[in-house]
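[1] pasted the sequence and its predicted model underneath.
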Amino acid sequence: MSHDDGYYISKRSFLLIILVLNVSSYSATNSDNMSCKCISESKSKCKLTCSDGTNETDMNHNIERREVDYEEVEIIDERKCNSKSLQNIMLQNMAGQTAKQAKTKIMRAAEALLGGYFNVICASGDFSYITTTSLYCLQSLGNINCYAFLTGNTRPRLK
């Protein structure tokens, strides 16, 4: 695990939001109160045609459309979990375990791999808990529900 995993946003887990603007018209007024209209040459440039007959290319409209590789986008429901690394640790350490065994394994693995001190709550049913933390995950597997979160204390990661 690298330092970019966990509550730091990694390159692969960053959800790209693309804003595509289609500039169909542009009105500008220069110092002589001349009116200019944008006639789109391409998606990245705007050619201004002004009422005095002059043509200019407006370089302020450098809009590029980027394609998204949806296979690389990782979506995490941040209401339940804000770390794919912690979620993977939890799933690996919950499989085939009792709630008591899972909480100990999750805590040890998270502290070793992610650094810091973690609190873990596991139950074979519902539970209610409130925390203030920067790194957390609520995960269910089979009949076990676990909630792991980073405490305010710090601890170095194992190398």
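    Cool, the structure landed. Residues are numbered from 1 along each chain as shown.

[2] find the nearest non-adjacent residue to A95, please.
    Counting by Cβ to Cβ, 6 or more residues apart in numbering, A95 lies nearest to L141, which is 6.5 Å off, once chain neighbours are set aside. In this view, the C-beta of every residue, glycine as well, is placed from N, C-alpha and C.

[3] does Q139 really touch Q92, like I thought?
    No: with contact defined as Cβ atoms under 8 Å, Q139 does not reach Q92; the gap is 10.6 Å.

[4] show me how the record splits this protein into domains.
    Per the record, the chain has its domains at 27-58, 84-150, by automatic domain parsing.

[5] can you name the element that comes right after the helix or strand hosting S85?
    Mapping S85 onto the secondary structure by DSSP states H and E places it in helix 84-94. On the C-terminal side of helix 84-94, the closest following helix or strand by DSSP H and E is helix 99-114.

[6] ok, then the element right after that next one?
    Following helix 99-114 toward the C-terminus (DSSP H and E): strand 118-123.

[7] tell me the angle of that next one relative to helix 99-114?
    Relative orientation of strand 118-123 and helix 99-114, computed by axes from the mean of the first three to the mean of the last three Cα atoms, to 10 degrees: 160 degrees.

[8] for the nearest residue to A110 once chain neighbours are set aside, give the beta-bridge partners.
    Using Cβ to Cβ, 6+ apart and skipping residues adjacent in sequence, the residue nearest A110 is F118, 4.4 Å away. Counting by DSSP bridges, F118 is bridged to L150.

[9] got the contact list for F118?
    With Cβ atoms under 8 Å, 6 or more residues apart in numbering as the criterion, the residues that contact F118 are I106, M107, A110, E111, A148, F149, L150, T151.
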